[in-house]
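> Structure for this input, please:
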Amino acid sequence: MSESEPNRVSSETTEKKRSRFRLPRHGRPWIRRRWLRWTVLVLLAIFVLTTLFSLVYNLATNGDQKPASALYPGPYVKIDGRQIAYRELGSQGSPIIFVGGFAEPSWIWVPVATRLASDHRVYALDLPPFGYSERKGSYSLTAWTQLVCDFSAHFGLRRPLVVGHSLGAAVAVNVGLEAPGNTAGVVLLDGDTLPVGGPHWITNLVLNPYYTTIFRLVTHSDWLVHQVLDQAYGPVHPPITNVQVDAFERPFRVDGTENGFHDLFHSGVQGLSLADLRRLHVPRIVVWGQHDTVDDIKAGRTSAQALGVKLIVIPRAGHLSMLDEPVAVAKAIGAFAARVERVPSRSTGSKH
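Have a look, this model is predicted:
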């Protein structure tokens, strides 16, 4: 036997041992079909169980959806064919209209409005589909702007000061652009007016009953709402109570809210551009919480620069500056309102 023959025998023996652990080639397709069948069955089972859970959960929570009047006694006013929830404080002085941001009910303005009500007629309204206003109509920047203008006309408000927070800042600015002759001034509070984006194609994929289930699970979660508020309030704030959590959750139970949010998400939260800000010629100021983690203070500086004004910073405040530091916010708005009152109505190009 040659020297190469032992090596050949050894390699042949090793190959035979390896072949024992190999599956026959003709068996592999069967294995693949078996795993594919089990995968399909598992996915089908998950789909069926998820659908059953969704249907049962939606049915069990249907009673949570109620007319707005059952959750908030009012006052309400009919504007553009829909019931608009609002709050009113003060009986004399120049008018101020407060416009909230995303999912912000009008009660958040009460601490600031109370401090301004001695010298001003103060109004705060709920932009649909937020707060307790009727879930009806378009949820666009144009529609919200028209709503604020019609609200002002309904109450006979002459040249109101319009204050917009977060998303509401775009509405306030747009009111100043569309009706400069009847706008005393605009306050951007923790809002840079830029669009959030859209349309969101993903809303077409999350269909019922799953959309309703997801919406209710999220908006009924005390823990999740608490986390969102903790982030929005900023680093320095008193403990968030169950009463506060419930006050933010309750508007989500108004009839039509789920469909309203779906329509809003589908089209995207609209806004304005920096070029639009540069076109604003009514008096204006930009006020920002020092520790805003929702809309960074850098966005405030950019907006102020585009508007040609200095940024007013509220120390210790987060995104919800009107709740964090109501005294400081009211002071900034009150001082601005006093300056605006001295500006003749024809001088809409003045800067403050």
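
> What residues does residue 147 make contact with?
79-80, 84, 125, 127-128 (Cβ atoms under 8 Å, 6 or more residues apart in numbering). Every residue, glycine included, has its C-beta placed from N, CA and C.

> export those residues to CSV and tack on distance to residue 135 and secondary structure?
As requested, the contacts of residue 147 are exported to CSV (distance: Cβ to Cβ, whole Å; DSSP: H, G, I helix; E, B strand; the rest coil):
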residue, distance to residue 135, secondary structure
79, 14, strand
80, 13, coil
84, 11, strand
125, 15, strand
127, 11, coil
128, 6, coil
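
> Can I get the one helix or strand residue 305 maps to as CSV, trimmed to CA atoms?
Element membership for residue 305, per DSSP states H and E: helix 297-307. C-alpha atoms of helix 297-307 as CSV (Å, rounded to 0.1, in the frame of the first residue of the first chain):
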residue,chain,number,x,y,z
ILE,A,297,-35.6,76.0,22.9
LYS,A,298,-33.4,76.1,19.7
ALA,A,299,-36.7,76.0,17.7
GLY,A,300,-37.8,79.0,19.8
ARG,A,301,-34.6,81.0,18.9
THR,A,302,-35.1,80.1,15.2
SER,A,303,-38.7,81.3,15.3
ALA,A,304,-37.8,84.5,17.1
GLN,A,305,-35.1,85.2,14.6
ALA,A,306,-37.5,84.7,11.7
LEU,A,307,-40.0,87.1,13.3
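
> So which other helices or strands are in contact with the very next helix or strand once past that helix?
Next helix or strand after helix 297-307 toward the C-terminus (DSSP H and E): strand 311-314. Counting contacts by 3 or more Cβ pairs under 8 Å, 6 or more residues apart in numbering; DSSP states H and E, strand 311-314 packs against strand 284-289, helix 297-307, helix 326-341.

> measure residue 262 to residue 211 for me?
6 Å (Cβ to Cβ, to the nearest Å).

> what do you get for residue 33?
Counting by Cβ to Cβ, the gap from residue 33 to residue 211 is 35 Å.

> about what we covered before: right, so of the helices and strands packed on strand 311-314, which gets closest to residue 67?
Closest of these to residue 67 is helix 326-341, at 30.8 Å (criterion: Cβ to Cβ).

> Go through that closest one and flag the buried ones.
326, 328-334, 336-337, 340 (16 or more other Cβ atoms under 10 Å).

> between that helix and strand 284-289, how many degrees?
170 degrees (axes from the mean of the first three to the mean of the last three Cα atoms, to 10 degrees).

> Brilliant, that's me finished.
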